[in-house]
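Trainee: sequence? don't have it. structure:
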């Protein structure tokens with residue numbers, strides 16, 4: 001019957017349609033929604049004490065297998081990342097460095113890694129990949145973009161790295177430490193990328209350990225720049241860090257305990 005034959009042009013459109021369909025199918029298989037999906041086994045030592053978690057207004061809390069975070073869409077990064085570091089976590093297992101991917105658990109979607117391209121800043125880890133070599137899943141999940149923040153390369157490889165190494169030494173000595181870390185976020189920061197990822201001018205770490213019934217705490221605040229100072233020089237009382245960062249540490253504790261923990265710099269309890 002006239003007009004029933006499919007023309008060469010129509011065949012071309014059909015072929016292109018199926019190429020696109022197969023292409024999307026292949027991409028979905030190669031790059032699933034969550035390429036670093038959780039293991040069925042979760043280690044008990046990764047649990048972070050709930051009453052040690054800080055509070056940040058406007059943050060959305062996300063739980064991964066081996067760390068927690070509070071993501072702030074306004075700044076396209078986490079206000080804090082909290083993780084447990086045990087002596088047993090510190091292995092020398094070799095891991096293949098994976099791709100950075102957006103965090104599938106952040107409801108608004110975490111910033112894309114391309115925001116960092118050509119920015120001059122490192123994709124700086126908050127929970128270090130080097131602290132999570134004991135598990136492929138643990139290691140890979142540190143490459144969610146919710147766990148990175150723009151860092152000066154000399155800072156990232158210098159004094160920040162020295163502090164991370166010191167914390168590993170404490171984990172070996174004391175058996176277990178709890179770490180809270182992030183950039184100091186505020187409204188007037190420079191941004192990078194199409195999504196406007198804020199560039200913190202300073203980063204902090206709070207290290208906590210238990211000594212019997214006592215709690216030992218040490219806070220650090222470092223400018224996002226190269227430094228040749230000793231890490232002890234960056235120690236800061238938590239109440240000052242709260243005023244600068246908008247964070248509230250130990251919100252579940254009584255006022256008296258908070259004042260005791262946040263107002264004192266107790267270097268005597270920490271072996272440098």
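Mentor: Sure, I can see it. Here the structure is a predicted model, which is why all the values come from computation and not from measurement.
Trainee: which SSE is residue 195 in?
Mentor: Element membership for residue 195 (DSSP states H and E) is empty, with no helix or strand holding it.
Trainee: is it true that it touches residue 113?
Mentor: No: applying Cβ atoms under 8 Å as the test, residue 195 and residue 113 come out as separate, 10.7 Å apart. For glycine as for every other residue, the C-beta is placed from the backbone atoms N, C-alpha and C.
Trainee: between those two, who's got more neighbours?
Mentor: residue 113 (17 against 14; other Cβ atoms under 10 Å).
Trainee: Helices of the chain, residue ranges please.
Mentor: For the chain, the helices defined by DSSP state H cover 8-30, 136-141, 153-157, 159-174, 238-245, 255-262.
Trainee: any idea of the mean pLDDT for the shortest one?
Mentor: Same thing as helix 153-157. Averaged across helix 153-157, the pLDDT comes to 97.
Trainee: How about residues contacting it?
Mentor: Under the criterion Cβ atoms under 8 Å, 6 or more residues apart in numbering, residues 121-122, 124, 203, 222-227 lie in contact with helix 153-157.
Trainee: go again using 10 Å as the cut-off
Mentor: For helix 153-157, the external contacting residues (Cβ atoms under 10 Å, 6 or more residues apart in numbering) are 120-125, 149-151, 160-161, 164, 202-203, 222-227.
Trainee: before we move on, back to that, can you tell me which of the helices of the chain is packed in deepest?
Mentor: Most buried of these, by mean neighbour count (mean count of other Cβ atoms under 10 Å): helix 136-141, with a mean of 21.
Trainee: can you list contacts of that one?
Mentor: Under Cβ under 10 Å, 6+ apart, the answer for helix 136-141 is 34-43, 46, 64-67, 83, 89, 93, 95-99, 101, 103, 105, 127, 129-133, 135, 147.
Trainee: What about these, which are in strands?
Mentor: Counting by DSSP state E, those place residue 83 in strands.
Trainee: Which members of the contacts of helix 136-141 are classed as buried?
Mentor: By neighbour count, with 16 or more other Cβ atoms under 10 Å, the contacts of helix 136-141 hold 36, 43, 46, 64-67, 83, 89, 95, 101, 103, 105, 127, 129-133, 135, 147 as buried.
Trainee: before we move on, the earlier item: out of the helices of the chain, point me to the one whose mean pLDDT is lowest.
Mentor: If you rank the helices of the chain by mean pLDDT, helix 8-30 sits at the bottom with a mean of 62.
Trainee: Give me the buried subset of the contacts of helix 153-157.
Mentor: Looks like the contacts of helix 153-157 have 121-125, 149-151, 160, 164, 202-203, 222-224, 227 buried, using 16+ other Cβ under 10 Å.
Trainee: which one of those residues sits closest to residue 75?
Mentor: Nearest to residue 75 among these, counting by Cβ to Cβ, is residue 149 at 9.1 Å.
Trainee: which residues touch that closest one?
Mentor: With Cβ under 10 Å, 6+ apart, residue 149 has these contacts: 75-78, 81, 111, 116, 121-126, 156, 181-183, 185, 197-200, 203, 224.
Trainee: what's the answer for residue 187, then?
Mentor: For residue 187, the contact set (Cβ under 10 Å, 6+ apart) comprises 74-75, 198.
Trainee: Now it, what are its backbone angles?
Mentor: Backbone torsions of residue 187, given as degrees, to the nearest 10, read phi -70, psi -30.
Trainee: what about it, distance to residue 256?
Mentor: For residue 187, the distance to residue 256 equals 33 Å [Cβ to Cβ, to the nearest Å].
Trainee: pLDDT wise, what is residue 34 at?
Mentor: For residue 34, the predicted pLDDT is 79.
Trainee: my guess is it contacts residue 105, does it?
Mentor: Yes: here residue 34 reaches residue 105: they are 8.3 Å apart, a contact under Cβ atoms under 10 Å.
Trainee: got any residues that touch both of the two?
Mentor: Contacts common to residue 34 and residue 105, judged by Cβ under 10 Å, 6+ apart, are 141, 144.
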